Every structure is written in structure tokens, then in C-alpha cells.
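# what's the 3D shape of this:
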Amino acid sequence: MSTLEIRDLHVSVETKEGAKPILRGVDLTVASGETHAIMGPNGSGKSTLAYSLAGHPKYQITSGTVTLDGEDVLALSVDERARAGLFLAMQYPVEVPGVSVSNFLRTAKTAIDGTAPPLRSWVKDVRTAMDNLRMDPTFAERSVNEGFSGGEKKRHEILQMELLKPRFAILDETDSGLDVDALRVVSEGVNRVKAGGDVGVLLITHYTRILRYITPDFVHVFVDGKVAEEGGPELAERLENEGYDRFLTTSTSVL
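So this is what the prediction gives:
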């Protein structure tokens, strides 16, 4: 079993006025096979946590630790974090003109595993994963995310997750902009990855609708850059009924 541990994590972002604190002491432990839903209002620091774990240069770690089975994640480069087993599905996936989806996926798999996957089995795996996500096979020869709809981009993120088989997957608002059919397909993809291995999932979302398809083991409410409340799936149901007002009356959200 693997464990991702976040201890007293403080993160700032540089602005015209100087360094602005975003995360203000986050403590979180995710074990293999667990699904943790990170919820909270806009500006509460959820996406900052995701990008800080992935190593985005915009975010400065001012104090705290992140370890993966005891290894210092913060000392690793972005590609080293990926090879260690961290995966980020971005809220706004970027376009990569001139690089086909098939080449991108095989290059990523080779970089993470250290060796290229056997071509015949790899092609079969890609086709199966695309079929499961109801993606047109012609997408494999299109440039990465170029001209993709929002739903297609999100399916492509889950396609990467299925093929790269990370130890920990950070899904940043994967449900954003999805219609009900796409939401179901994407959620089924996440559940397949979970069923096929001991992946730990950090599921970042504003809303509870994706939690109807992906059942969290734990729910953490982010407010003002830190965890304001924790619980099980019942906490998500309470948020659905009550919203975040009871937290915001005593806290000021951050950007």
C-alpha cells in the first residue's frame, strides 16, 4: 500500500502586490485505493493544491511537506513526480498542436515506465480504453486537444489515466462543463481505473453530482486555503442541501 502525505502545506502565488498566501496549512493523507473528495467554494484553494502537488512553477511552497511513501515529493521535478506515480487531470487541458494523441500517449507511457510498451499490445490497450470512453478511433490521430470539445478533452484526460496507471490521481474539476452522459462515461472510466488497481484519487469538485457516480471514502471541505471540515459521503449530502454559507460567514475566501 502506498501513502501520499501532505503536512502543514503553505503555498503562495506571486502577484503585482507581492506574494499572496493561498494554502494556509493543509493536512491530508491519501492511501492506495481511497477516494478523497475535495470540495469548497470558488477561490478556496482546491486547484492550488492540485497544481502544487504536480509541481506548477507558478505556486511557491513556503512551508510544509509532501511525501509519497516517505519520498520528498517537493524535491522532485515535474517529470520525476509523474514517474513516481502522480497524475494530474487538469481543469483546463491545454492544446498541443502538431502532436497526435497516439504519439503523446505512447511517449508519456515510455517516459513513465522507462521502456516503450510493445506496439501490438499497446495499440490494443489504447483501442479498448477509447472504446470504453466512447471516443471515436480517429481521435488517436488528431493533435492533442486541438479542436476538442470540453467533454472530449475530459475523456482524453481519463484516457491518459487509464493507460498510464498512476499510483495517485488528482482530478481537478473533471466534471466541469460535462453534460450528464459525458459525466457518466468519465466517472465510469475513473471507477474502472480504481477497480483495476490500488490507485488513490483526489477528486476536486464544486458540486456533488459527480459523487453520485464516484463514491468518496472521505470528503474534505476547503475554505480560505485550509480544511474546514472532514467527513464521509454524508458530508457531501449535507453540502448539497446547505451549501457553503455556514463556512463563509466566518471565513474570507482566497483567489
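
# this protein: strands as residue ranges?
Here the chain has its strands, by DSSP state E, at 3-15, 18-31, 35-39, 59-68, 71-72, 86-89, 96-100, 143-144, 168-172, 200-204, 218-223, 226-231.

# reformat the ones you listed as a markdown table; add distance to residue 123.
Every C-beta, even on glycine, is put in place using the N, C-alpha and C of the backbone. Formatted as a markdown table, the strands of the chain follow (distance: least, CB to CB, whole Å):
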| stretch | distance to residue 123 |
| --- | --- |
| strand 3-15 | 32 |
| strand 18-31 | 33 |
| strand 35-39 | 31 |
| strand 59-68 | 31 |
| strand 71-72 | 33 |
| strand 86-89 | 22 |
| strand 96-100 | 13 |
| strand 143-144 | 18 |
| strand 168-172 | 24 |
| strand 200-204 | 27 |
| strand 218-223 | 38 |
| strand 226-231 | 43 |
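
# ok, and what's touching stretch 184-192?
For stretch 184-192, contacts defined as CB atoms under 8 Å, 6 or more residues apart in numbering pick out 132-134, 151, 154-155, 158-159, 161-162, 169, 171, 174-175, 178, 201, 203, 210, 213-214.

# give me the low-pLDDT residue ranges for the protein?
For the chain, applying pLDDT under 70 flags the ranges 249-255.

# need the longest helix for it.
Identified as the longest helix of the chain according to DSSP state H is helix 180-196.

# list the buried residues for it?
182, 183, 185, 186, 187, 188, 189, 190, 192, 193, 194 (16 or more other CB atoms under 10 Å).

# tell me the one of these nearest residue 102?
Residue 102 lies nearest to residue 189 out of the buried residues of helix 180-196, by CB to CB, at 18.2 Å.

# how far off centre is the longest helix of the chain?
The gap between where helix 180-196 is centred and where its chain is centred comes out at 14 Å by CA atoms, centre = their mean, to the nearest Å.

# do the same with stretch 121-133
Taking mean C-alpha positions (CA atoms, centre = their mean), stretch 121-133 and its chain are 22 Å apart.

# can you point out the buried residues in that stretch?
Quick answer for stretch 121-133 (16+ other CB under 10 Å): 122, 125, 126, 129, 130, 132, 133.

# who's in contact with that stretch?
Under CB under 8 Å, 6+ apart, the answer for stretch 121-133 is 102, 105-106, 109, 117, 136-137, 139-140, 155, 158-159, 162-163, 185-186, 188-189, 192.

# what do you get for stretch 87-99?
So stretch 87-99 is in contact with 47, 50-51, 53-54, 104, 143-146, 148, 153-154, 156-158, 160-161, 164, 166, 168-174, 176, going by CB under 8 Å, 6+ apart.
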